[in-house]
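Colleague: structure for this input, please:
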Amino acid sequence: MSQQRYAALLRDLARCGVYHTPPKGMPDLLAAADKAGFAIFCVDLSAVRDKSALFERLAATLELPAWFGHNWDALADCLGDLSWRPADGYLILLEHCDGIRASHSADFATALQVFAAASDAWRDERVPFWVLVDMQTDGIAYLPGHD
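Modeller: All right, here's what the predicted structure looks like:
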């Protein structure tokens, strides 16, 4: 998919959500997001093996405020109020997810649910919010245009 097609996709509020990373074209997708004024967060989960480490990594990479309470409700609250990081849209890339998924699959599934709920809430505010997951597993759709 070209950078131009990614740009159009990223602006499509109806399609925002949690998806697999595309099998190719990530540089074009990231460039399109950057050009569109999105805040882009690449969260490296390669060393994360439990919920505590997941919260630490998310807090550091997403630059969550000091009041982040390292629990699911606090994560939802932070993702729902990104006033400390205003942007025209948001793209969160969760990289190297296999370790946390293997060691704490329920926690990883909960994290994806929190991200999906945040995407839904931002859609209502007319702000694009995308989460891309770097792993292959059932239950996560492929990015539109990459079925």
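
Colleague: the chain: helices as residue ranges?
Modeller: With DSSP state H as the criterion, the chain has helices at 3-11, 26-35, 51-61, 72-80, 98-103, 105-124.

Colleague: look at residue 122 and say how many residues are nearby.
Modeller: Using other CB atoms under 10 Å, residue 122 is surrounded by 20 other residues. Bear in mind the C-beta positions are built from the backbone N, C-alpha and C, glycine included.

Colleague: residue 82 is in contact with residue 90, isn't it?
Modeller: Yes - counting by CB atoms under 8 Å, residue 90 is a contact partner of residue 82 at 6.7 Å.

Colleague: looking at these two, which is more packed in?
Modeller: Taking other CB under 10 Å, residue 82 and residue 90 do not tie; residue 90 has more neighbours (23 against 19).

Colleague: format the helices of the chain as CSV; extra columns: mean pLDDT and distance to residue 143.
Modeller: Shown next, in CSV, are those (pLDDT from 0 to 100; distance: least, CB to CB, whole Å):
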stretch, mean pLDDT, distance to residue 143
helix 3-11, 94, 8
helix 26-35, 95, 8
helix 51-61, 97, 21
helix 72-80, 97, 20
helix 98-103, 86, 19
helix 105-124, 95, 13
